[in-house]
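Peer 1: Next one to model:
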Amino acid sequence: MRSIINISLPAELNKNVEQLAKRGNYATKSEFVRELIRDRIAEESLLPRLRKSEAEFRAGKGKILRSLADLD
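Peer 2: Presented below is the predicted three-dimensional model:
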């Protein structure tokens, strides 16, 4: 199920969105905006994990990886 929302953009911002959508090969501005929202949601979920990882590293629980083989 989809919900419809309407947004109001200043002319210059709308022009930029249209250009970015075309360059990104999106069929519509809506597709472009949906991807921006998905990216923002992913970013929001990543930030707490990065902070936790940083805290663990500072607490001496991390290890420096010198190659992909160190992941094991």
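
Peer 1: switch to C-alpha atoms for all contacts and neighbour counts from now on
Peer 2: Fine.

Peer 1: give me the number of residues near Arg40?
Peer 2: Arg40 has 12 neighbours, counted by other CA atoms under 10 Å.

Peer 1: can you give me the mean pLDDT across the host helix or strand of it?
Peer 2: Per DSSP states H and E, Arg40 falls inside helix 29-58. Averaging pLDDT along helix 29-58 gives 90.

Peer 1: Can you name every helix or strand that it contacts?
Peer 2: Counting contacts by 3 or more CA pairs under 8 Å, 6 or more residues apart in numbering; DSSP states H and E, helix 29-58 packs against helix 11-23.

Peer 1: the inter-axis angle of the helix it packs on versus helix 29-58?
Peer 2: Counting by axes from the mean of the first three to the mean of the last three CA atoms, to 10 degrees, helix 11-23 points 80 degrees away from the direction of helix 29-58.

Peer 1: Show me which residues of helix 11-23 are buried.
Peer 2: 17-18, 21 (16 or more other CA atoms under 10 Å).

Peer 1: now, among the residues you listed, which is nearest to Leu65?
Peer 2: Closest approach to Leu65 among the buried residues of helix 11-23 (CA to CA): Ala21, at 38.1 Å.

Peer 1: how far away is that closest one from Ala11?
Peer 2: According to CA to CA, to the nearest Å, Ala21 and Ala11 sit 15 Å apart.

Peer 1: swap in Ala55?
Peer 2: 44 Å.
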